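Trainee: using only what follows, build the 3D model:
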Amino acid sequence: MAAENGFWIDAPEVVRLFPTFVWKCQLWPEVYRAINAAILNRLHEVRRALPPLDRGEAWQSGHGLHRLEEFRTLVSCIDAAVATVLAHLRVGNHDVSITGCWANINAPGAAHRMHAHPNNFLSGETVEFESDGATMPIKPFELPGSFLLETIEADSYVMKLLDYGRNRQVELDFSDAPYFTIWSDLNPFICIEPCWGLPDHEEQRPFEKKLGIQTIPPQETFTRRFSMRLD
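Mentor: Numbering: from 1, shown residues only. This is a model prediction of the structure:
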């Protein structure tokens with residue numbers, strides 16, 4: 001990706017956190033120092049009328065900080081980075097907006113508890129498609145979104161990755177796996193991984209009824225396999 005921008009030192013880079021990934025930008029010191037100072041001053045003003053936090057206490061601001069003047073440069077950095085990423089992914093629609101931005105302040109001894117945010121779970125949306133066994137009906141620009149696939153009524157559970165330029169291939173046999181994931185950051189990299197479980201669902205269920213859960217009796221073992229062949 002092009003690195004020509006007044007905000008960051010290098011082009012945004014991918015940090016792979018499966019099943020999604022994060023785009024990281026390293027801002028110039030003069031940029032992030034000004035942003036940090038403006039944010040800290042604003043948070044100080046927001047909390048001026050509030051009592052100090054006692055040891056072990058935590059505070060969270062409202063979720064509209066991105067609308068404040070002091071956050072304008074930060075928002076501009078984010079907008080520029082998003083435009084760069086979308087251009088790299090060849091996504092034509094750049095109509096992206098920040099819907100929430102907030103700050104957490106923890107006093108000594110406080111902890112930011114484990115929590116979940118909306119849109120972090122399986123939505124329940126499914127798409128059925130058929131394959132002729134020759135090509136996968138997924139567009140390259142869709143791969144960063146990560147596909148969780150369940151193979152149904154398939155004649156074969158073998159997937160092949162072909163490098164036509166070098167006349168090489170990788171053959172993966174998922175006969176023993178109920179699901180597999182496929183995703184890519186559109187660099188010379190693709191991940192295809194067998195799965196014996198699924199992420200949580202948007203509609204939370206008892207753990208033992210979780211979609212894709214594998215039950216192992218006490219003192220028993222769970223053994224599954226998949227094979228890979230390089231040609």
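Trainee: sec struct for the most far-flung residue of the chain relative to its centre, please.
Mentor: Using C-alpha atoms, centre = their mean, the residue of the chain lying farthest from its centre is residue 49. It sits 37.5 Å away. Following DSSP: H, G, I helix; E, B strand; the rest coil, residue 49 is assigned to coil.
Trainee: same question for residue 85.
Mentor: When the rule is three-state DSSP, residue 85 gets the label helix.
Trainee: which non-adjacent residue is nearest it?
Mentor: residue 23 (5.1 Å; C-beta to C-beta, 6 or more residues apart in numbering). Where C-beta positions appear, they are placed from N, C-alpha and C, glycine not excepted.
Trainee: the one you found touches residue 83, doesn't it?
Mentor: No - counting by C-beta atoms under 8 Å, residue 23 does not reach residue 83; the two are 11.5 Å apart.
Trainee: neighbour count: these two, which is higher?
Mentor: residue 23 (18 against 13; other C-beta atoms under 10 Å).
Trainee: next up, the contacts around that one.
Mentor: If you count contacts by C-beta atoms under 8 Å, 6 or more residues apart in numbering, residue 23 has them with 12, 13, 14, 15, 81, 85.
Trainee: export the residues you listed to CSV and tack on neighbour count, pLDDT and secondary structure?
Mentor: As requested, those are exported to CSV (neighbours: other C-beta atoms under 10 Å; pLDDT from 0 to 100; DSSP: H, G, I helix; E, B strand; the rest coil):
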residue, neighbour count, pLDDT, secondary structure
12, 20, 64, coil
13, 12, 71, strand
14, 17, 71, strand
15, 10, 71, strand
81, 19, 86, helix
85, 18, 80, helix
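Trainee: nearest to residue 214 among these?
Mentor: Among the contacts of residue 23, residue 15 lies closest to residue 214 (C-beta to C-beta), at 29.3 Å.
Trainee: over to residue 39: give its phi and psi.
Mentor: Dihedral angles phi and psi of residue 39 (degrees, to the nearest 10) take the values phi -70, psi -50.
Trainee: turn the contacts of residue 23 into CSV, columns for distance to residue 218.
Mentor: Below are the contacts of residue 23 laid out as CSV (distance: C-beta to C-beta, whole Å):
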residue, distance to residue 218
12, 48
13, 45
14, 42
15, 39
81, 49
85, 47
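Trainee: which other residues reach stretch 30-44?
Mentor: If you take C-beta under 8 Å, 6+ apart as the criterion, stretch 30-44 is touched by 6-8, 27, 61, 65, 68, 70-71, 73-74, 77, 103, 105.
Trainee: again, 7 Å this time
Mentor: Residues outside stretch 30-44 that contact it (C-beta atoms under 7 Å, 6 or more residues apart in numbering) are 7, 61, 68, 70, 71, 73, 74, 103.
Trainee: following whichever strand or helix holds residue 182, which helix or strand shows up next?
Mentor: Assessed by DSSP states H and E, residue 182 sits inside strand 179-183. Going down the chain from strand 179-183, the next helix or strand is strand 191-195, by DSSP H and E.
Trainee: and the next helix or strand after that following strand, what other elements does it pack with?
Mentor: Of the helices and strands lying after strand 191-195 in sequence (DSSP H and E), the nearest is strand 227-230. Packed against strand 227-230 by the contact rule (3 or more C-beta pairs under 7 Å, 6 or more residues apart in numbering; DSSP states H and E) you find strand 168-173.
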